[in-house]
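Whatever this is, show me its structure:
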Amino acid sequence: MSPSNFPATDTLLPVLVLVGVALQRMGYGCMTVGIRIRAALCNAVCKKCFNMATINKDMASDAVSFMASDISKIFDGCQEIHYLWTAPIEAGAILTILAVLVKVYALPGWGVICIVLPCQYIFGWKIIQV
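Numbers count the residues shown, from 1 in each chain. Here you go, the predicted model:
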């Protein structure tokens, strides 16, 4: 390793530790928000369901079953929504660092990202519409 590479390697560990801590805190924050949303939705749906005059035991069990599956999806979505907006920023930062380090040889990487990223959003949109 040449002496000019030591500053880069010396700063890599603290940056990786910082990224790990930030991702852990984001995950914890998303989890607590998801738990609050899940509790509020469970409360609202249960109150509405069990206060209905025409409900019988079969309908109540169906409502609880649907509620559990739908609310778990909302809980999982709380963290996924943050990955949705942070992933392009992270990819841009990584590709910028790549461009700074390898200059013109980073263009194929940028080209692949410019092709794959819109395709990813198009496929996601098509899947949502199905």
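
Tell me, how many residues neighbour Met31?
13 (other Cβ atoms under 10 Å). Where C-beta positions appear, they are placed from N, C-alpha and C, glycine not excepted.

Repeat that for Lys47.
10.

what about the nearest residue to Cys78 once chain neighbours are set aside, which helix or strand?
Distance criterion Cβ to Cβ, 6 or more residues apart in numbering; nearest residue to Cys78, sequence neighbours excluded, is Gly34 at 3.7 Å. According to DSSP states H and E, Gly34 maps onto helix 6-50.

Show me the shaky parts of this structure.
Scanning the chain for pLDDT under 70 picks out 1-6, 8-9, 53, 55, 57, 60.

Would you quantify the distance from Tyr105 to Lys126?
34 Å (Cβ to Cβ, to the nearest Å).

I meant Leu18, not that one.
Applying Cβ to Cβ to Leu18 and Lys126 gives a distance of 37 Å.

tell me what the helix holding Gly34 is packed against?
helix 57-102 (3 or more Cβ pairs under 8 Å, 6 or more residues apart in numbering; DSSP states H and E).
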